[in-house]
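Enquirer: model this:
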Amino acid sequence: MKKVFLLLPFLFLCCKPISSVGTETPTNEPMSIAYKVKENDVAKTLKYLASDELEGRETGKAGMVKAADYLEQIFKDNNVKPYFKSYRDTLSTFKEMAFNVVGVVEGNDPVLKNEYIILSAHYDHIGFDKKGVNGDFINNGANDDASGTTAVAEMAKYFSTARNNKRSILFVFFTGEEKGLLGSKHLAKKLKAQDFKLYAQFNIEMIGVPMKRDYLAYITGFDKSNMAGKINEYTGKNTIGFLPKEAEYKLFYRSDNYSFYELFKVPCQSVSTFDFENFEFYHHVSDDFSAMDIPHMTSFIQELLPAVTKMANTPTKEIIMLK
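Expert: Residues are numbered from 1 along each chain as shown. Next up is the predicted model:
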């Protein structure tokens, strides 16, 4: 997540009533998913991405390349095809060599397969810390955003096994987010020029630790679409809630969802469980694997599977913009 200023005065910005956006009356029975996300798989991917070997995954550096190699191999092992000629989408927005990693599971409906869902996360982080803390100089970025990257990888495994999506699904690991959303800006512009038919983007950002709230996660730009309500309908749970600080800090504009919203003007939102109270190591060398809650992450991914499955299968575009 791009840097936010945590010392901003607390503002109550939400004047309009918004509770109805996230609490729509369900019109369909929640979907049951037999597939089980495995804690060991979640831990394995997260541990590698947040390891010292990757030196903080800074955009354009060797650690970023190693992370990309690892993510490409997950795609290959699970028969997720490259969307372009290769999995690597080289950035036009960065002076050094850097690339997004992009795979696709094609939809199985002859018409709906031409529409796309994007499931995404950024795999880059901020590299080395010049000052360091207790001799540790590596910003491992476990929560930010190896956690989201791990979630997208697990969703790719699920869809590659189930092959139950009528719409096509683009799985994207962005680089350059920490440099100013460079990877998502590049890819959004590239796809827009190709007349890419985007239905919605679901971007996953910092889901490594749970919140102490009556909902699992929040989405950015909560009242801009009915995505929150639809996700809750699809899961049959209070999965997504409204976090006031999300509006206060304008998080909708600070992650890779915004690059796509800006060009496509369709529902493009980020989901997170970082609420500014449950994790004190944002952009800190202590954001490492040992600070992550693997059972929470596994449960998060599992709970979202019905939602992303329904997104990929509804006969019409049920998720729409509201403002």
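
Enquirer: need the helix or strand of this protein with the lowest average pLDDT.
Expert: Least confident helix or strand, the chain: strand 128-133 with a mean of 92, by mean pLDDT, DSSP states H and E.

Enquirer: hey, where'd the helices end up in this structure?
Expert: 39-49, 62-77, 147-162, 182-193, 227-235, 244-248, 257-264, 294-311 (DSSP state H).

Enquirer: Run the chain-centre distance for the shortest one.
Expert: Between the mean C-alpha point of helix 244-248 and the mean C-alpha point of its chain there is a distance of 19 Å (C-alpha atoms, centre = their mean, to the nearest Å).

Enquirer: Please apply the same query to the second one.
Expert: A distance of 17 Å separates the centroid of the chain from that of helix 62-77, by C-alpha atoms, centre = their mean.

Enquirer: In it, which residues are buried?
Expert: Neighbour-count burial for helix 62-77 flags Gly63, Met64, Val65, Lys66, Ala67, Ala68, Tyr70, Leu71, Glu72, Ile74, Phe75 (criterion: 16 or more other C-beta atoms under 10 Å). All C-beta atoms are positioned from the backbone trio N, CA, C, and that covers glycine.

Enquirer: Tabulate those in JSON lines, adding columns for pLDDT and distance to Ala43.
Expert: Formatted as JSON lines, the buried residues of helix 62-77 follow (pLDDT from 0 to 100; distance: C-beta to C-beta, whole Å):
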{"residue": "Gly63", "pLDDT": "98", "distance to Ala43": "20"}
{"residue": "Met64", "pLDDT": "98", "distance to Ala43": "22"}
{"residue": "Val65", "pLDDT": "98", "distance to Ala43": "23"}
{"residue": "Lys66", "pLDDT": "98", "distance to Ala43": "18"}
{"residue": "Ala67", "pLDDT": "98", "distance to Ala43": "16"}
{"residue": "Ala68", "pLDDT": "98", "distance to Ala43": "20"}
{"residue": "Tyr70", "pLDDT": "98", "distance to Ala43": "14"}
{"residue": "Leu71", "pLDDT": "98", "distance to Ala43": "16"}
{"residue": "Glu72", "pLDDT": "98", "distance to Ala43": "20"}
{"residue": "Ile74", "pLDDT": "98", "distance to Ala43": "14"}
{"residue": "Phe75", "pLDDT": "98", "distance to Ala43": "20"}
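
Enquirer: now, which of the residues you listed sits nearest Ile301?
Expert: Nearest to Ile301 among these: Ile74, at 14.1 Å, using C-beta to C-beta.

Enquirer: What's the separation between that closest one and Glu154?
Expert: 9 Å (C-beta to C-beta, to the nearest Å).

Enquirer: residues shared between the contacts of the two?
Expert: Thr45 (C-beta atoms under 8 Å, 6 or more residues apart in numbering).

Enquirer: how about the nearest residue to Lys265, chain neighbours excluded?
Expert: Met321 (7.0 Å; C-beta to C-beta, 6 or more residues apart in numbering).

Enquirer: Equivalent analysis for Val80, please.
Expert: The nearest residue in space to Val80 (C-beta to C-beta, 6+ apart) is Gly103, at 4.0 Å.

Enquirer: Also Gly60?
Expert: Nearest one to Gly60, counting by C-beta to C-beta, 6+ apart, is Glu96 at 3.5 Å.

Enquirer: ok so, going back, the residue nearest to Val80: neighbouring residues, count only.
Expert: Residues near Gly103, counting by other C-beta atoms under 10 Å, number 26.

Enquirer: Just the CA atoms of stretch 163-177, as CSV, please.
Expert: The C-alpha trace of stretch 163-177 is given here as CSV (Å, rounded to 0.1, in the frame of the first residue of the first chain):
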residue,chain,number,x,y,z
ARG,A,163,-12.1,-24.6,-14.0
ASN,A,164,-15.6,-23.4,-13.1
ASN,A,165,-15.4,-19.8,-14.2
LYS,A,166,-17.6,-18.6,-17.1
ARG,A,167,-15.8,-15.3,-17.3
SER,A,168,-12.1,-15.3,-17.8
ILE,A,169,-9.9,-14.4,-14.9
LEU,A,170,-6.6,-12.5,-15.1
PHE,A,171,-4.3,-13.1,-12.2
VAL,A,172,-1.9,-10.2,-11.9
PHE,A,173,1.1,-9.7,-9.6
PHE,A,174,2.1,-6.0,-9.9
THR,A,175,5.5,-4.5,-9.5
GLY,A,176,6.2,-0.8,-8.9
GLU,A,177,3.4,-0.2,-6.6
